[in-house]
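Participant: Next input, structure requested:
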Amino acid sequence: MNWILLFLFNILFWGIIFILLIEKGIVYKLPLFNSGYTIVNRKDLENDDVDFMIYHKNNSLSFLRKRQFDENGYMKLLNDKGIIFFKFIEALFYFLIFAPCIILFPNIFLTNAFIAFILIIVYDAFMILLRFRLSDESISNIKTPKKFSYIGYMVYFNRINEIASLFILIPCCKGNYLAIILFIVVLTKMHFNLFADIFDKHFNLKLLNEKLIKKLIQIEKYFTLLTLLLSFNLI
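Facilitator: Below is the predicted model of the structure:
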């Protein structure tokens, strides 16, 4: 029970810090975030573009989405550099939440699950950064941030898979075979996303089609919900 209270306190405390960093615009002032966003005017965007970018491209928290535009109708739209920077902030956020629980309340299977989850987050962040640095410009959108690029695809869908992995890691670390199979499925999906541009090129999947992305988002959400429900039954 003590580790649960610590876990909830960490989520609340660091969650408020994380929200303030975004809400107050502090994160945009960090030196590492230079050229990580483009300022766009709502008048230059169609309604469908606005909804799609705010909900999925900028990866904003639900209760902050309506406040993305300032009083003059301008919004800081993340490009791929900004999205990757936020990815590392999220990795730090998760580390700050789970690290105290691991150190102060060690538990064999919970500790293994939390450590594995943090390693997955860090691994995914560095893999996306390497893909961004080592690949050509065809997978990124630094010059055209209004478009959903392969980097944006990797970050967005792997974020969903990371949440699913958290749900399934606890029963997985207890040795449940069904949980292990589901975890392998999640890892496979994550690596597919990491090389989405290559699969798209060879199999003509048209992964960046907006209608397909919206359908995939719904499928992934249902899959994540399934892993959550199964984790309760497998623990």
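
Participant: tell me the mean pLDDT for the helix or strand hosting K81?
Facilitator: Using DSSP states H and E, K81 sits within helix 80-104. What helix 80-104 shows for mean pLDDT is 89.

Participant: Name the residues of it that are buried.
Facilitator: 80-91, 93-95, 97-98, 101-102 (16 or more other C-beta atoms under 10 Å). For the C-beta atoms, the positions are set from N, CA and C on the backbone; glycine is no exception.

Participant: What about E210, how many residues nearby?
Facilitator: Using other C-beta atoms under 10 Å, E210 has 13 other residues around it.

Participant: Verify the stated contact: it with K147.
Facilitator: No. Assessed by C-beta atoms under 8 Å, E210 is found out of contact with K147, at 9.9 Å.

Participant: Looks to me like I128 is in a helix.
Facilitator: Yes. I128 sits within a helix when classified using DSSP: H, G, I helix; E, B strand; the rest coil.

Participant: Leaving out sequence neighbours, find the closest residue to it.
Facilitator: Leaving aside its chain neighbours, I128 sits nearest to M154 (5.2 Å; criterion: C-beta to C-beta, 6 or more residues apart in numbering).

Participant: can you check L216 too?
Facilitator: Nearest non-adjacent residue to L216, counting by C-beta to C-beta, 6+ apart: F157, 7.0 Å away.

Participant: now Y153
Facilitator: A196 (5.3 Å).

Participant: How much space separates I39 from D70?
Facilitator: 10 Å (C-beta to C-beta, to the nearest Å).

Participant: What of P100?
Facilitator: 36 Å.

Participant: Also V122?
Facilitator: 34 Å.

Participant: now the angle from the host helix or strand of T38 to helix 80-104?
Facilitator: Using DSSP H and E, T38 sits in strand 37-41. Angle between the axes of strand 37-41 and helix 80-104 is 120 degrees (criterion: axes from the mean of the first three to the mean of the last three C-alpha atoms, to 10 degrees).

Participant: pLDDT score assigned to the spatially most distant residue from the centre of the chain?
Facilitator: Centroid-distance maximum for the chain: N72 at 29.0 Å, with C-alpha atoms, centre = their mean. Note for N72: predicted pLDDT of 86.

Participant: Thank you kindly, that will do.
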